[in-house]
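Participant: sequence first, then the predicted structure, then my questions.
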Amino acid sequence: MDRTVDWADGAVVIIDQVALPGRYRTCRLRTVDELVDAIRRLAVRGAPALGAAGALGVALAAFAGGDVRAEAERVAAARPTAVNLRWGVTQALGRLDAGPEAVLALGQAMLDEDERICRTASGHAAEVVLRSCARRPLRLLSHCNTGHLAAVAWGTALGVVWHLRERGLVESVLVNETRPLLQGSRLTAWELAMAGVPYRVQADGAAAFAMARGLVDCVLVGADRIAANGDVANKIGTYGLALAAAHHRVPFVVVAPESTVDESIATGAGIVIEERSATELTELHGRPVAPAGAPAFNPAFDVTPAELITAVVTEHGVLAR
Ligand SMILES: CSC[C@@H](O)[C@@H](O)C(=O)COP(=O)(O)O
């Protein structure tokens, strides 16, 4: 598979995650406008992938000239919750005085580094999972998409599945479809199918019952922003999963790069949660699934309190709190 985010011939190249699973294609984004639009539409998404996209967005702006800092701010503000996006932009702006080539070199180094970081973090998390769960092989539960497509390559929480799979330790993965935009059924199921890992898609509402039936050994999720106290913002539905996991004594493991930790925010209460349009809930493929004009509450993320989390694992190991 291509890198989820890359740079070629003066453009940001992404795997178009809106087209999947029906069609695998890459898109070339030549301007900041095109990149911002792709980020907002979730054609490129997932916290680590957004970090790399943010840095390369500054390279696009730097090569174009003009008010690079204003353009960079537009990229950073395209989605507010995943701290990696602003982190990537800020890192790249730090090279601006050295010229566009230096900004691009930083973005390209970030691309190379992302896979190493993801492999290391998910490797540490695999050990945590093995210590926390007695059953072999393991039955894992995944929410949203935290695989190759959410990073530049490999992935975070789904990267744990890749590590454990290499050791013959995965029986199957329950894939939460992840309403409303179906990153689980569209993207995670696609990645698992490509890798030949047994999986079943389930409605998000089935997760607690799957735990009650004893079908889940461990829940694995990623993160979009981790507050200083260990509270975790992640795809909407994560908090409910954590509550169910705590009730059923199922380990709940969060995997993320250190760049997702935001020490400037004391607790999850301070994390800005992106709210998206009502039509993401009230329409499916352009067809109504609610009365015309139905109002909706559509937060893209929620916050899971630290006390519900077994471990937050980064490339440096288990996060102390
Ligand atoms: C390794 S990805 C971690 C998170 O970014 C992921 O779980 C998630 O919530 C993504 O949300 P999305 O709205 O699809 O960008």
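Facilitator: Everything's here; your move. Model, not experiment: these values are computed from the prediction.
Participant: list the contacts of the residue of the stretch 151-300 of the chain found nearest the ligand.
Facilitator: In the stretch 151-300 of the chain, no residue comes nearer to the ligand than residue 222, which is 2.6 Å away by Cβ to the nearest ligand atom. The C-beta positions use only the backbone N, C-alpha and C, and glycine is treated the same way. Taking Cβ atoms under 8 Å, 6 or more residues apart in numbering as the contact definition, residue 222 lies against 46-47, 144, 146, 150, 156-157, 234-235, 254-256.
Participant: so which residues on the stretch 51-200 of the chain come close to the ligand?
Facilitator: Residues of the stretch 51-200 of the chain lying close to the ligand by Cβ under 6 Å from any ligand atom are 82, 144, 146, 150-151, 156, 183.
Participant: now with 8 Å, please.
Facilitator: 79, 82, 84, 118, 143-147, 150-151, 155-158, 178, 181, 183 (Cβ under 8 Å from any ligand atom).
Participant: longest helix of this structure?
Facilitator: Assignment by DSSP state H gives helix 100-132 as the longest helix of the chain.
Participant: what packs against that one?
Facilitator: Secondary-structure packing of helix 100-132 (3 or more Cβ pairs under 8 Å, 6 or more residues apart in numbering; DSSP states H and E): strand 5-8, helix 47-64, helix 83-93, helix 157-166, strand 218-221, strand 252-255, strand 311-314, strand 317-318.
Participant: residue 219: how many residues sit nearby?
Facilitator: Counted with other Cβ atoms under 10 Å, residues neighbouring residue 219 total 28.
Participant: run through the bridge partners of it.
Facilitator: residue 141, residue 252 (DSSP bridges).
Participant: residues contacting it?
Facilitator: Taking Cβ under 8 Å, 6+ apart, one finds 140-141, 143, 241-242, 245, 250-253 in contact with residue 219.
Participant: where does the protein have low pLDDT?
Facilitator: The chain contains no residues with pLDDT under 70.
Participant: swap in 90 and give it another go.
Facilitator: By pLDDT under 90, the low-scoring segments of the chain are 285, 320-321.
Participant: how about the residue positioned nearest the centre of it: what's its closest non-neighbour residue?
Facilitator: Closest residue to the average C-alpha location of the chain: residue 46 at 3.0 Å, with Cα atoms, centre = their mean. Closest residue to residue 46 apart from its sequence neighbours, by Cβ to Cβ, 6 or more residues apart in numbering: residue 150 at 2.6 Å.
Participant: isn't that neighbour right up against residue 48?
Facilitator: Yes - Residue 150 lies in contact with residue 48 (Cβ atoms under 8 Å); the separation is 6.4 Å.
Participant: got any residues that touch both of these two?
Facilitator: The contact sets of residue 150 and residue 48 overlap at residue 156 (Cβ under 8 Å, 6+ apart).
Participant: count the residues that sit near residue 2.
Facilitator: Residues near residue 2, counting by other Cβ under 10 Å: 12.
Participant: equivalent analysis for the one 10 residues further on, please.
Facilitator: In terms of burial, residue 12 registers 26 neighbours under the definition other Cβ under 10 Å.
Participant: quick one, strands of the stretch 151-300 of the chain?
Facilitator: Counting by DSSP state E, counting those that start in this stretch, the segments of the stretch 151-300 of the chain that form strands are 170-176, 199-202, 218-221, 225-227, 232-235, 252-255, 261-262, 283-284, 287-288.
Participant: residues contacting residue 310?
Facilitator: For residue 310, the contact set (Cβ under 8 Å, 6+ apart) comprises 128, 132, 251-253.
Participant: quick one: contacts for the nearest residue to it once chain neighbours are set aside?
Facilitator: Distances taken as Cβ to Cβ, 6+ apart place residue 251 nearest to residue 310, at 4.4 Å, with adjacent residues excluded. By Cβ under 8 Å, 6+ apart, the contact list for residue 251 reads 129, 132-133, 217-219, 245, 310-311.
Participant: tell me which two in those are the farthest apart.
Facilitator: Using Cβ to Cβ, the contacts of residue 251 span at most 14.8 Å, a distance reached by 217 and 311.
Participant: start and end of stretch 266-280, how far apart?
Facilitator: Counting by Cα to Cα, to the nearest Å, you get 31 Å between the two ends of stretch 266-280.
Participant: contacts for that stretch?
Facilitator: 79-81, 180-181, 225, 227-229, 231-233, 262, 265, 294-305.
Participant: separate out the buried members of these.
Facilitator: Among those, those buried by neighbour count (16 or more other Cβ atoms under 10 Å) are 79-81, 180-181, 225, 227, 231-233, 262, 265, 298, 300-305.
Participant: the helices and strands packed on helix 100-132: which one's closest to residue 104?
Facilitator: For the helices and strands packed on helix 100-132, distance to residue 104 was read as Cβ to Cβ. The smallest value, 4.3 Å, belongs to helix 47-64.
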